[in-house]
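[1] below are the sequence and a predicted model for it; my questions follow.
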Amino acid sequence: MNNININQIISYIWGIADDYLRDVLVRGKYRDVILPMTVIRRIDALLEPTKAEVEKVHHFLNEKGMVNQDAALQKASGYVFYNTSKFTLRRLLDEPSQIRENFETYIAGFSPNVREIVQKFKFHNQLETLEEANVLFKLVERYTEPDLKLEKLTSLDMGYVFEELIRKFNEENNEEAGEHFTPRDVVALMTHLMFEPIADKIESSDYLIYDGACGTGGMLTESQNFLKELAANKGKKINLGLYGQEVQPETYAICKSDMMIKGNSPENIKYGSTLSSDHFADMKFDFMIMNPPYGKSWKVDKDALTDPVTRNIEDNRFQMGTPSSRDGQLLFMVNMLSKMKESTSLGSRIATIHNGSALFTGGAGSGESNIRKWIIENDYLEAIIALPENMFYNTGIVTYIWILSNRKPSMRQGKVQLIDASKWYEKMRKNLGQKSNELKEEHIQNILDSYVKFEETEESRIFDKEEFGYYKITVERPLRLSMQINDEQIKNMKKAFMENQKKYKKFVSHIDQLVSLLRETFGLEKHMNYNSVIKDLDSALEETNIKLNKTEKKLLLDFFTKRDSSAEKIIKKKAKSTVEYEPDVDLRDTEKVPLNDDINEFFDREVLPYVDDAWIDYDKTIIGYDILFTKYFYKYDELREIKDISSELIELDKKSEGLLHQLLEEVK
C-alpha cells in the first residue's frame, strides 16, 4: 500500500474521532477509543466470511457438551481466533437501542486471545461513556463503512497507521514518544543486511526470530516474509517461529492481534519489560532484529533487577556492565547477544538500530564503555551503518544499524566495518510526521553492496577492532605549596577553631600555645619547601605537650598554605632509589592513548614536552571503547579564495542593480 492510501486511512479514522469524540473526550484521550476500535474492526472484518460456519460449529459442539472447543472453532474461522456470539459489528447496527449490551456480548464472544487484547486497551471502561454520549452506534456505523478496508493492510501497513495515530494523540497531550516506530524502508534494509549475506547457508530447517522490543510486530513479520522468500528462491523449505516481547500495553495488543491474523502463534508474543522480566530467558534464537527505545530511562527496570541486600544487579545477562539509568538501549543489545546460538554452524545474526549515544556515551570504565568493550573484544560486531537524518516519524535524529554475529566469516574476523550511508536517500513527496527522507531500492542495494564487498571506499571504512579501544591514563603532577604566617591567617584560624569546635577539638585548648609555636618556628617569611615546613613543625611540637597526627598537622597548616608553582614538590615517601611525590588533585588530568600505541612512548611524546614534572599513575589506567563515526568520515572543506568571494559579491551586486553597493555606502 502506498503512502497516500495510508494517509487516507489515517485521515478517515482521525475524522471519526473528530466527528464523534470531540465533545465526549479530551483530544488526548481519543486513543482510548480509536486504537481498540481499529483493532476490533480489523479482526471483525477478517472473521465475517466464516461467521456462519463458526456459529454452526459452535452450536453443534454445545449440543454435544464439548467444553474445549478452541481447535474446532479456529479451524472453522480459518484463524487462531474466533467469535462465538451472534454478532458482528455490522449486526450490532440492527438493534440501536441495545447497542452497548450487545457490544459487550460481542466482545465476550471472542476467543481468549482476542479478549486479552481488548483488556490491554481497557476498552470496557469507555463503553458507558460512549453510550451516555449517544455516539457508540455512530462509531460502529463509521467503522463498518466500505471505505475502511483494514483487513487489506499488511502488518507493517497497520504499524504505520497506528504509529501515526499514536503520534497525533501524543501531540494532543504534548507528549513525546519514547519509542520510534521503524519505517518499512529501514526494516527492509535491516532484513537485507541480516539475511542476504548468509543466504547460501540457509537449509531446509526450523529457524527462530526474536524481537525483544517488538512494538506492533512489523519487524518480525517482515523478517518472516523476507526469509521465506529467500529460502524459496534457494529451493529450501523452512519453518519459522516468531517471538517477541513488548512493554507498552497498546502496542502489545496490536502486535498480538497481527500475529493471530497472520497465522503466527500469538502465545509467542509476551507482555512486560524485556530487561527486568525476560520471558525467553532459556531460549536461543537464530536471528534477532530490534529497534529498542533510546534516550529512555530504565530506572524502574534497574530497581527491579537490583538485589535488595547486595545492591548489585545479579542478572547474568548484564554482568559486563550497565549504562546510566537515563538510557538503557545498550542493554537490549546485550540481551540479544545473550540469546545467540553457539551449537549451530550458522550461529546467530543480529540487526539492531540505535542512536549515536550507543557509539560513544560514557568514558572508560563506565557501563556503556564496558558494554562496547565486551562486544568488540568478543568480536561480535561486524558493521555499523550510519543512516540519513529524518528517517523516523517521531524524531529527526541520526540513527545507526548495528550488525552482529557470533559466526563472522574469516575476512571479517578481528575487523569492524563502518558504512556512511547518510547521503543515500530520496526526499519524500509528502512527509509522514518527521519522516521526510526514505531509502529506495537502489539505496538499499548500495548499502548492501558496500557491506558484502567489504572494501575500503569513500563510504566504507574497515578497521582492526582494537582501533576503537584506548587506554585512559591518569596524569599526575606534584603538589607544590608555599607557606607563610600572617596576622590575618591567624585570625581566621582562631575564628574557625571557635566556630567548629567539633572538627578542631584537638586544637581548641591549645590555641595560644599553637599561635606562639607557629610564629616562633616560621616567622613572617614565605617558605617554599613544604617538606622542610613539616620537619620544622615536628621538631617544634616535640618540645611541647601537643600531640598531632599527620592528618591534624595538615589541618593546621592548611590555614597558611597555598598552591604555588614556584614551590618545591611535596614528597610523599622515599625509597632507596626513588622518590614518590604527593599528587595535586587540581592538576590531575587524563589522556586517551590508542590501544595500538605504547603508553610510555605516547607519554614521552605528547605530555612530557609540555609538563616535565608529570608522571603516570599506572594503577588508575583503564581501557575504554568508543566509535566516533564523524572522526573516520570527516571531510575538510577548504576555505574559498578571497578573489573568488569578491567576484561573487560583484556579480551579486550587478544582479541587484547596485543595491549592495548602496547599502555599503550607507553603512560608511
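    Done, it's in.

[2] and the residue nearest the centre of the chain, how far from residue 283?
    Among the residues of the chain, the one closest to the centroid is residue 294, at 2.5 Å (C-alpha atoms, centre = their mean). Distance, residue 294 to residue 283, using C-beta to C-beta, to the nearest Å: 25 Å. Placement of C-beta: from N, CA and C, glycine included.

[3] contacting residues around residue 110?
    Going by C-beta atoms under 8 Å, 6 or more residues apart in numbering, residue 110 touches 43, 81, 82, 83, 85, 118.

[4] ok, so of the residues you listed, who is nearest residue 425?
    Closest approach to residue 425 among the contacts of residue 110 (C-beta to C-beta): residue 43, at 36.1 Å.

[5] who's in contact with that closest one?
    Residues near residue 43 by C-beta under 8 Å, 6+ apart: 81, 110, 114, 257, 260, 261.

[6] near the last one, how many other residues are there?
    Translated: residue 261. Number of residues near residue 261 (other C-beta atoms under 10 Å) recorded here: 22.

[7] please, which helix or strand holds the residue nearest to it when sequence neighbours are not counted?
    Nearest residue to residue 261, sequence neighbours excluded (C-beta to C-beta, 6 or more residues apart in numbering): residue 46, at 6.1 Å. According to DSSP states H and E, residue 46 maps onto helix 31-47.

[8] that helix: what's the following helix or strand?
    Defined by DSSP H and E, the subsequent element after helix 31-47 is helix 51-63.

[9] with only the CA atoms kept, save the following helix or strand past that following helix in PDB.
    Remark: after helix 51-63, the chain's next helix or strand is helix 70-77, criterion DSSP H and E. Output of helix 70-77 as PDB, limited to C-alpha atoms (Å, rounded to 0.1, in the frame of the first residue of the first chain):
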ATOM      1  CA  ASP A  70     -10.700 -23.900  20.600                       C
ATOM      2  CA  ALA A  71      -9.200 -26.100  17.900                       C
ATOM      3  CA  ALA A  72     -12.500 -26.800  16.100                       C
ATOM      4  CA  LEU A  73     -13.600 -23.100  16.200                       C
ATOM      5  CA  GLN A  74     -10.200 -22.000  15.000                       C
ATOM      6  CA  LYS A  75     -10.500 -24.400  12.100                       C
ATOM      7  CA  ALA A  76     -13.900 -23.100  11.300                       C
ATOM      8  CA  SER A  77     -12.800 -19.400  11.300                       C
END
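
[10] looking at this, residue 128 is in a helix?
    Yes - counting by DSSP: H, G, I helix; E, B strand; the rest coil, residue 128 is part of a helix.

[11] give me the number of residues near it?
    Neighbours around residue 128, by other C-beta under 10 Å: 11.

[12] name the nearest residue to it, sequence neighbours excluded.
    residue 100 (7.4 Å).

[13] only C-alpha atoms, please: export stretch 550-568 in PDB.
    Extracted C-alpha coordinates of stretch 550-568, given in PDB (Å, rounded to 0.1, in the frame of the first residue of the first chain):
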ATOM      1  CA  LYS A 550      49.700  13.500  60.100                       C
ATOM      2  CA  THR A 551      46.100  14.500  59.300                       C
ATOM      3  CA  GLU A 552      45.900  17.000  62.100                       C
ATOM      4  CA  LYS A 553      49.200  18.700  61.100                       C
ATOM      5  CA  LYS A 554      47.800  19.100  57.600                       C
ATOM      6  CA  LEU A 555      44.600  20.500  59.000                       C
ATOM      7  CA  LEU A 556      46.600  23.100  61.000                       C
ATOM      8  CA  LEU A 557      48.900  24.100  58.100                       C
ATOM      9  CA  ASP A 558      46.100  24.400  55.600                       C
ATOM     10  CA  PHE A 559      45.300  27.800  57.100                       C
ATOM     11  CA  PHE A 560      48.700  29.100  56.000                       C
ATOM     12  CA  THR A 561      49.500  27.300  52.700                       C
ATOM     13  CA  LYS A 562      48.500  27.900  49.100                       C
ATOM     14  CA  ARG A 563      49.400  26.300  45.800                       C
ATOM     15  CA  ASP A 564      52.500  27.800  44.300                       C
ATOM     16  CA  SER A 565      54.000  26.600  41.100                       C
ATOM     17  CA  SER A 566      57.400  28.000  42.200                       C
ATOM     18  CA  ALA A 567      57.400  26.000  45.400                       C
ATOM     19  CA  GLU A 568      59.300  22.700  45.900                       C
END
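
[14] and residue 587, which of the three is it?
    Counting by three-state DSSP, the backbone at residue 587 sits in coil.

[15] same question for residue 113.
    helix.

[16] please report how far it lies from residue 83.
    For residue 113, the distance to residue 83 - C-beta to C-beta - is 12 Å.

[17] more crowded one of these two?
    residue 83 (24 against 20).

[18] the more buried one touches residue 109, doesn't it?
    Yes - assessed by C-beta atoms under 8 Å, residue 83 is found in contact with residue 109 at 4.7 Å.

[19] still on that earlier bit, counting only helices, which of the contacts of residue 43 make the cut?
    If you go by DSSP state H, the contacts of residue 43 have 114, 257, 260, 261 in helices.

[20] touching, the second one and residue 44? I think so.
    When you say that, I think you mean residue 257. No - counting by C-beta under 8 Å, residue 257 sits too far from residue 44 to count as a contact (11.1 Å).

[21] looking at these two, which is more packed in?
    Taking neighbours as other C-beta under 10 Å, residue 257 and residue 44 compare with residue 257 leading, 29 against 25.

[22] straight-line length of stretch 138-157, end to end?
    With C-alpha to C-alpha, to the nearest Å as the measure, stretch 138-157 spans 26 Å from end to end.

[23] flag every buried residue along it.
    For stretch 138-157, burial by neighbour count (16 or more other C-beta atoms under 10 Å) applies to 138-144, 148, 150, 153-157.

[24] ranges for the helices of the stretch 51-200 of the chain?
    With DSSP state H, counting those that start in this stretch as the criterion, the stretch 51-200 of the chain has helices at 51-63, 70-77, 89-92, 99-108, 112-121, 124-132, 136-143, 155-172, 184-195.
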